[in-house]
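J.: Sequence and predicted model, in that order:
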Amino acid sequence: MAYPAYLAKLQAKASCPICLDHLRDPVTTECGHNFCPSCIHQRWEGLQDTFPCPVCLHHCPDRSLKRNPQICHMIEIVQQIPTSGSQRKLQEEIPLCGKHNEALTLFCEKNMELLCAQCKVSSEHQDGPVISIKEAAAIHRSMLKGHIGVFTNNLKNAKSEYKNQVANTWEVKRKMKKWREELDLECKELKCFLEIERHKIDNNLPIEEKDAEEKLIENGRQILYHMFRLSNLLSEIEDNCLQTDLDLLTEIERIHNSYGNLEIPAVFSCELKKEFYNLPPNYLGLHKMIRMFQVDLTLNPRIAHPSLNISKDRKSVTYRKSDGLPNHHAFTSYPAVLSSDGFDAGRHFWVVKIRGTGECLLGFCKECIPRDILISSSPSNGCWEYQQKNQIFRLVCTGEYHIGIFLDYELGEVSYYNLNNRSFLNGLSDTFTEKLMPYFSIAPSSESLTISIIRV
């Protein structure tokens with residue numbers, strides 16, 4: 001501690017706790033505190049039996065006070081020490097009680113206010129815990145430091161959320177770009193008939209994009225403001241922790257209240273809703289057919305040919321070279337796999353995505369079909385299929401080829417659709433009397449071809 005500070009402490013010790021002036025002919029109470037005789041007698045005026053010490057509230061049994069000659073000599077020496085301007089300012093800044101004009105040395109935890117010794121005797125503060133300023137400052141400084149960790153974590157979360165909002169903004173732009181590409185592809189296939197619809201939807205997309213961006217920007221603005229408040233609170237807490245005990249506790253109630261009112265901003269949802277186009281009657285019929293009758297199929301790996309690799313979700317199949325181990329449960333000696341579920345009634349629609357080059361078979365067969373029948377499949381032996389040979393199942397824009405298969409069991413009709421341009425590919429009709437199982441097969445020469453069951 002610097003010399004002026006030591007000198008200031010010495011000056012404080014040589015002062016009367018009641019009048020805050022240099023002790024005059026000091027006397028000592030039973031608990032060891034020193035006062036001016038006139039100050040302590042004035043404080044005890046009107047009291048009987050017990051007389052509390054103004055500093056520690058120790059109850060003195062009587063008014064007997066001892067004169068302290070040693071303190072008297074020390075006071076005389078202290079009075080001769082010149083006081084610098086900074087020391088005088090430090091002495092002048094010692095706060096006094098507004099009611100009793102005494103030094104504020106205590107703190108009431110219940111009412112969150114500074115007290116002098118005489119304030120504690122009043123009925124207003126007798127029920128609440130009253131502790132020294134030093135102890136109270138240590139407690140509340142520790143509480144404030146606890147807020148630093150909380151708000152630091154909140155600021156970290158806010159920064160992370162802001163990054164997510166920025167990423168979402170780019171995701172919105174990416175989705176909009178993709179949807180415009182799909183829209184352009186549809187319009188090229190349908191040409192003039194869809195031109196009016198394309199303009200209408202294209203005009204609506206910027207509105208939805210603008211609305212989503214405005215929400216995201218507002219989310220970002222709210223989070224930035226929240227980050228700004230958190231940063232200010234952190235700075236304020238750090239500054240408060242550096243204050244003197246008296247300054248800290250004087251404003252402690254307001255400080256705690258200001259932290260308690262902090263709310264995390266709510267962010268707007270900007271979930272995008274893709275619009276569908278107004279298309280020709282047959283086009284709308286296909287869309288309605290998909291929406292009403294689409295089923296969620298999975299592949300059955302237990303009866304798959306050993307040269308086929310089934311994905312973990314049982315939605316995709318690719319060709320691989322056989323390891324030579326026979327699969328006695330395999331559906332056929334031809335590289336094929338059945339669906340886990342079959343149909344013996346109703347209408348059903350499923351969609352496959354084909355990527356790669358080669359030969360594949362898409363169709364369905366009777367549940368009781370012989371295992372080697374696909375070598376020469378035909379409706380006569382219980383197998384129906386749509387075959388694409390030696391074609392590249394890839395579109396320039398999307399990189400994938402989608403085929404929809406619709407089964408009307410009662411009518412005995414099956415239809416195949418190219419869902420990339422919503423066109424009809426092929427159809428067949430027959431009489432179905434047994435349970436039918438969708439099947440998927442890949443020729444051995446089609447190592448780069450993948451068939452996946454998807455939902456649209």
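T.: Here it is on my side, so go on.
J.: burial count for Ala304?
T.: Using other Cβ atoms under 10 Å, Ala304 is surrounded by 23 other residues. For glycine as for every other residue, the C-beta is placed from the backbone atoms N, C-alpha and C.
J.: For the nearest residue to it once chain neighbours are set aside, give me its contacts.
T.: Setting aside the residues directly before and after it, Ala304 is nearest to Val337 in space (Cβ to Cβ, 6 or more residues apart in numbering), at 3.9 Å. Val337 is in contact with 299-301, 303-305, 308, 310, 317, 331, 439-441, counting by Cβ atoms under 8 Å, 6 or more residues apart in numbering.
J.: Mind doing that once more with 10 Å?
T.: When contacts are counted by Cβ atoms under 10 Å, 6 or more residues apart in numbering, Val337 touches 299-305, 308, 310, 314, 317, 330-331, 438-442, 451.
J.: now it, what's its secondary structure?
T.: strand (DSSP: H, G, I helix; E, B strand; the rest coil).
J.: Could you give the bridge partners of it?
T.: Listed by DSSP bridges, the beta-bridge partners for Val337 are Phe440.
J.: Ok, Leu361 next?
T.: Gln387, Ser441.
J.: What degree of burial does it show, as a neighbour count?
T.: 21.
J.: measure it to Glu434 for me?
T.: 20 Å (Cβ to Cβ, to the nearest Å).
J.: To which secondary structure element is the residue most central in space within the chain assigned?
T.: For the chain, the residue nearest the mean C-alpha position is Glu161 (6.2 Å; Cα atoms, centre = their mean). Per DSSP states H and E: Glu161 is located in helix 133-190.
J.: same deal with Asn240?
T.: Counting by DSSP H and E, Asn240 is part of helix 195-241.
J.: Arg141 touches Leu242, doesn't it?
T.: Yes - taking contacts as Cβ atoms under 10 Å, Arg141 lies within contact range of Leu242: 9.4 Å.
J.: Would you mind telling me which of these two has more residues around it?
T.: Neighbour count, other Cβ under 10 Å: between Arg141 and Leu242, Arg141 has more, with 19 against 10.
J.: Which neighbours do Arg141 and Leu242 have in common?
T.: Leu248.
J.: Distance of Glu181 relative to Ser132?
T.: 74 Å.
J.: how does the chain divide into domains?
T.: 3-94, 135-260, 289-454 (automatic domain parsing).
J.: which stretch among those domains comes nearest Cys108?
T.: Shortest distance between Cys108 and the domains of the chain, using Cβ to Cβ, is found for domain 135-260: 8.8 Å.
J.: Go ahead and confirm Met74 touches Ser15.
T.: No - counting by Cβ under 10 Å, Met74 stays clear of Ser15, with 11.8 Å between them.
J.: who's more crowded, these two?
T.: Ser15 (20 against 17).
J.: Can you name the residues that contact the more buried one?
T.: Applying Cβ under 10 Å, 6+ apart to Ser15 gives the contacts 21-23, 34, 36, 75, 78, 91, 94, 103.
J.: In strands only, show me those residues.
T.: Among these, the members falling in strands are Asn34 (criterion: DSSP state E).
J.: Of the contacts of Ser15, which is the nearest to Ile405?
T.: Ile94 (91.2 Å).
J.: Could you pull out the helices in the protein for me?
T.: Along the chain, the segments classed as helices by DSSP state H run 3-13, 37-43, 69-80, 85-92, 117-121, 133-190, 195-241, 245-250, 252-260, 281-293.
J.: Return the member of the contacts of Ser15 nearest to Arg455.
T.: Ile94 (77.7 Å).
J.: and Ile264, what are its phi and psi?
T.: In terms of degrees, to the nearest 10, the main-chain angles of Ile264 are phi -80, psi 130.
J.: In space, what's closest to it - neighbours in sequence excluded?
T.: Counting by Cβ to Cβ, 6+ apart, the residue nearest Ile264 is His226, at 6.7 Å.
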